[in-house]
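> Build me a model from this:
(one chain, ligands or ions: 1)
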Amino acid sequence: MGTIVEIKGLKKRYKKRKSKEYVEAVKDISFSVEKGEILGLLGPNGAGKTTTIKMICGLLYPDSGEITVNGVDIKENRLQALQHISAVLEGNRNLYWRLTVKENLQYFAGNRGLSAKTASGRIEELLQQFHLKDKENELVNRLSRGMQQKLAIAVAMLAESEVILLDEPTLGLDVETSYEVRELLRNIVKDEGRSIIISSHDMDVIQDLCKRTVIINNGKVVTNDKVENLLRLFDVRSYTITLGSPLSAKQEELLKQKFPY
Ligand SMILES: Nc1ncnc2c1ncn2[C@@H]1O[C@H](COP(=O)(O)OP(=O)(O)OP(=O)(O)O)[C@@H](O)[C@H]1O
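Numbering: from 1, shown residues only. Predicted coordinates:
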C-alpha cells in the first residue's frame with residue numbers, strides 16, 4: 001500500500017503564560033501511517049495526542065522532528081504537504097453555528113476552492129452519506145452534538161484529502177451515534193481508500209476501528225503494534241485489586257463484567 005504520513009522525532013513544548021515555565025507536551029514521537037489505514041493514537045489525558053495531531057495538520061510548528069506527507073516535508077513545502085490533509089479538532093468547533101448544515105458545507109467548499117458545480121454534487125453526496133439530508137436547512141446550533149460531529153467530519157471530507165485527522169471524534173456521543181460515526185469512518189477508508197489518524201483515550205473505539213495503534217504516554221510512544229497483539233498482552237496479565245471498602249452490588253457486577261475470571 002505504501003506510507004502516506006511519516007513522523008520522526010517530534011518534539012514540542014509550550015510556555016506557561018503565568019509562570020513562564022515550559023511544559024514538554026511531546027518529547028519524542030515517531031510513527032508512520034499506511035495508505036488505506038485507520039491508525040489509533042491512544043493515551044491518557046495530557047499524553048500529547050492533540051499536540052501531535054495539531055503538528056501534523058500544520059496548526060503548530062514542531063520544535064524539532066520531521067513530518068512528511070506523501071513524501072513532501074511539511075517544513076520544506078508546507079502548502080503542498082497540507083493539501084493532502086483535513087482535520088477535525090475539538091469536535092464541532094470548526095462549524096459556523098449561525099449557518100445551516102448546507103450553508104456550512106457550501107461555505108467550506110468555497111474556502112477549499114471547489115467550483116460551484118463540483119461543490120453542489122459533492123455536498124449532495126455527503127448529505128446522503130452522513131444521513132443529514134433531512135437536516136440540511138437546520139441551523140447548526142439547533143443540531144444535537146452527534147449531528148454536529150457528523151457535519152464536522154463531512155466538512156473535512158469535502159476536499160477529498162487522502163489523510164483525515166480526527167481528535168476524539170466520538171467523545172460525548174451517545175452509544176448509538178458513536179457507532180454510527182464509527183461505521184461512517186470505516187466506510188470512508190473501505191470505499192475511498194483514505195487514511196485516518198484517530199486520537200482517543202477510549203480503547204473500545206480504537207479496538208473497533210483500528211488494526212494498529214500507537215500508545216502515547218507522557219509525550220513519548222510507548223507501543224506501536226497491532227491492536228490484537230496489545231489485547232493479547234492483557235489476556236495474560238493478572239491484577240491485584242485492593243479495596244478500601246466493601247463493594248456495592250452494582251460495583252461488584254461491573255467488576256465481574258470487566259474481569260470475568
Ligand atoms: N496551549 C498550551 N499551553 C500550555 N500547555 C499546554 C497547551 N496545550 C497543551 N498543553 C499541555 O501539554 C500536555 C499535552 O497536552 P495534549 O492536549 O496534547 O494532550 P492529549 O493527549 O490530547 O490530552 P487529552 O486526552 O486530555 O485531550 C498537557 O500537559 C497539557 O496540559
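
> secondary structure element for the closest residue to the ligand within the stretch 51-200 of the chain?
Checking the stretch 51-200 of the chain residue by residue against the ligand with C-beta to the nearest ligand atom singles out residue 51 as nearest, at 3.4 Å. From N, CA and C alone the C-beta is placed, and that goes for glycine too. Secondary structure from DSSP states H and E places residue 51 in helix 49-56.

> Distance from that helix to the middle of the chain?
Offset of helix 49-56 from its chain centre (C-alpha atoms, centre = their mean, to the nearest Å): 10 Å.

> Same check on stretch 121-137?
The chain centroid and the centroid of stretch 121-137 are separated by 22 Å, computed with C-alpha atoms, centre = their mean.

> picking up where we left off before, helix or strand right after the helix holding residue 51?
Next helix or strand after helix 49-56 toward the C-terminus (DSSP H and E): strand 64-69.

> so what does that following strand touch, helix or strand wise?
The helices and strands touching strand 64-69, judged by 3 or more C-beta pairs under 8 Å, 6 or more residues apart in numbering; DSSP states H and E, are strand 3-15, helix 49-56, helix 78-82.

> after it, next one along is what?
Remark: after strand 64-69, the chain's next helix or strand is strand 72-73, criterion DSSP H and E.

> ok, and what's touching that next one?
Under the criterion C-beta atoms under 8 Å, 6 or more residues apart in numbering, residues 66, 67, 80, 81, 84 lie in contact with strand 72-73.

> Of the helices and strands packed on strand 64-69, which shows the lowest average pLDDT?
Confidence, taken as mean pLDDT, is least for helix 78-82 of the helices and strands packed on strand 64-69 (a mean of 88).

> That one - contacts with which helices or strands?
With contacts taken as 3+ C-beta pairs under 8 Å, 6+ apart, helix 78-82 sits against strand 64-69, strand 72-73.
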